[in-house]
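A.B. asks: I'd like to go over a predicted model; first the sequence, then the structure.
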Amino acid sequence: MIWLPGDAVSRNPLETLIESLERNAEDWASLGAIFLEHAKSDFLAEFIHRELDAAAKDSDHVVRRGVGQASFTLVNTPDFEYSIRILGTFSRKPRMVKWLGMPQIIAVKGPYTLTVRNLEVPSLCDIEQFVAGVQISECSLRDVQQGDILVTENRHRITDICAATGPMIAQILTYRRAAPNLVWTFSPELTSLYCEQSSITASRFRNVMRIAHAAGVVVPNDIYEMALTSHSPQVVLTAIQSMLASGHPDSFTALHSAAASDQPGLREGANAVLDALFSGGR
């Protein structure tokens, strides 16, 4: 059952969307229906009109939620990211692609055509265990136009927009609830090159913890307390591993709490740490 707030008409459409997504976060079919209904609405046209009108009245107007000059992040929660990408004209040519390992829904708008290729990572590959030199395959190639919807539900599939005949807009919903810790990058020849942390915040926090341990600096308890309440499983796990490495008295309590978490990513990561401890590795 899809939940929609009763006063949706009078409320901020983004607040309505976030609440609807969060209330249906366990039901992929409902999430798709909610986002498609949003994509069909006048939200995007009204957003563009409102920002252009504000810019015309004030030359110093700053468009909120802008990321660079061609994209906007409208929703950024632990479970969801909703972004809008403005795509200029570009032709198809070999290029690097990233494997996010997360379900996505993409709604396409504009008078021109996008070319999209569907790529597939071998099913035996684990995104959490990077291997260089893995070859991925191109499953299909299709043209999409105004009103078309692209859905990537399989964790091993990659949807790559590889050409545009003219300016187009893509509304993208990414389901991050079970987000992996790593993102893989593939070469233009579709061979895995390197990986990186999927969260910049987690990556920076991990680096700070490493520097602290290398310098023999004791991490204050309030830092651990903040990290353990983070919405990012990667930040929580990094804090727990740091606590274990330094012999913190609350480290095992934090680890067992994480292993019983309702968050799949945190629970699986904590269980992996437990397995490593019981097998003799740290």
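C.D. replies: Sure thing, it's come through. Numbering: from 1, shown residues only.
A.B. asks: mind listing the strands in the stretch 1-150 of the chain by residue range?
C.D. replies: Under the criterion DSSP state E, counting those that start in this stretch, the stretch 1-150 of the chain contains strands at 71-76, 80-87, 97-99, 104-109, 114-120, 137-144, 149-152.
A.B. asks: buried ones in stretch 93-100?
C.D. replies: Residues of stretch 93-100 classed as buried under the neighbour-count rule (16 or more other CB atoms under 10 Å) are 97, 99-100. Heads up, the C-betas are built off the backbone N, CA and C, glycines and all.
A.B. asks: Identify all contacting residues around that stretch.
C.D. replies: 119, 121, 127, 136, 158, 160, 162, 174, 180, 183-190, 193, 198 (CB atoms under 8 Å, 6 or more residues apart in numbering).
A.B. asks: out of the residues you listed, which are buried?
C.D. replies: Neighbour-count burial (16+ other CB under 10 Å) applied to those gives 119, 121, 127, 136, 158, 160, 162, 174, 180, 183-184, 186, 190, 198.
A.B. asks: Pick out the most distant pair among the residues you listed.
C.D. replies: Cys162 and Pro180 (23.4 Å; CB to CB).
A.B. asks: Please identify the buried residues of the worst-scoring helix or strand of the chain on mean pLDDT?
C.D. replies: Within the chain, judged by mean pLDDT, DSSP states H and E, the helix or strand with the poorest mean is helix 200-214; its value is a mean of 78. Within helix 200-214, the residues that count as buried by 16+ other CB under 10 Å are 202-203, 205-206, 209, 212.
A.B. asks: Now do the helices in the stretch 151-282 of the chain.
C.D. replies: Along the stretch 151-282 of the chain, counting by DSSP state H, counting those that start in this stretch, helices occupy 200-214, 221-228, 233-246, 251-259, 264-278.
A.B. asks: check contacts around Arg267.
C.D. replies: 258-261.
A.B. asks: let's see 7 Å
C.D. replies: Residues near Arg267 by CB atoms under 7 Å, 6 or more residues apart in numbering: 259, 261.
A.B. asks: go on, Glu196?
C.D. replies: Applying CB under 7 Å, 6+ apart, the residues contacting Glu196 are Val183.
A.B. asks: Counting neighbours, what do you get for Ala132?
C.D. replies: 10 (other CB atoms under 10 Å).
A.B. asks: What sits closest to it if chain neighbours are left out?
C.D. replies: Spatial nearest neighbour of Ala132, chain neighbours left out: Ser192 (5.7 Å); criterion: CB to CB, 6 or more residues apart in numbering.
A.B. asks: residues touching that neighbour, list them.
C.D. replies: By CB under 7 Å, 6+ apart, Ser192 lies in contact with 131-134, 184, 186.
A.B. asks: now the residues you listed in JSON lines, with pLDDT?
C.D. replies: Compiled in JSON lines, the contacts of Ser192 are given as follows (pLDDT from 0 to 100):
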{"residue": "Val131", "pLDDT": "92"}
{"residue": "Ala132", "pLDDT": "93"}
{"residue": "Gly133", "pLDDT": "95"}
{"residue": "Val134", "pLDDT": "96"}
{"residue": "Trp184", "pLDDT": "92"}
{"residue": "Phe186", "pLDDT": "95"}
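A.B. asks: Please list the residues outside stretch 130-142 that contact it.
C.D. replies: By CB under 7 Å, 6+ apart, stretch 130-142 touches 115-122, 125, 182, 184, 186, 190-193, 195.
A.B. asks: Determine how far it lies from the middle of the whole chain.
C.D. replies: Taking CA atoms, centre = their mean, to the nearest Å, one finds stretch 130-142 lying 20 Å from the centre of the chain it belongs to.
A.B. asks: And stretch 111-128, by the same measure?
C.D. replies: 15 Å.
A.B. asks: mind listing what's buried in that stretch?
C.D. replies: Neighbour counts using 16+ other CB under 10 Å place 113-119, 121, 125, 127 of stretch 111-128 among the buried residues.
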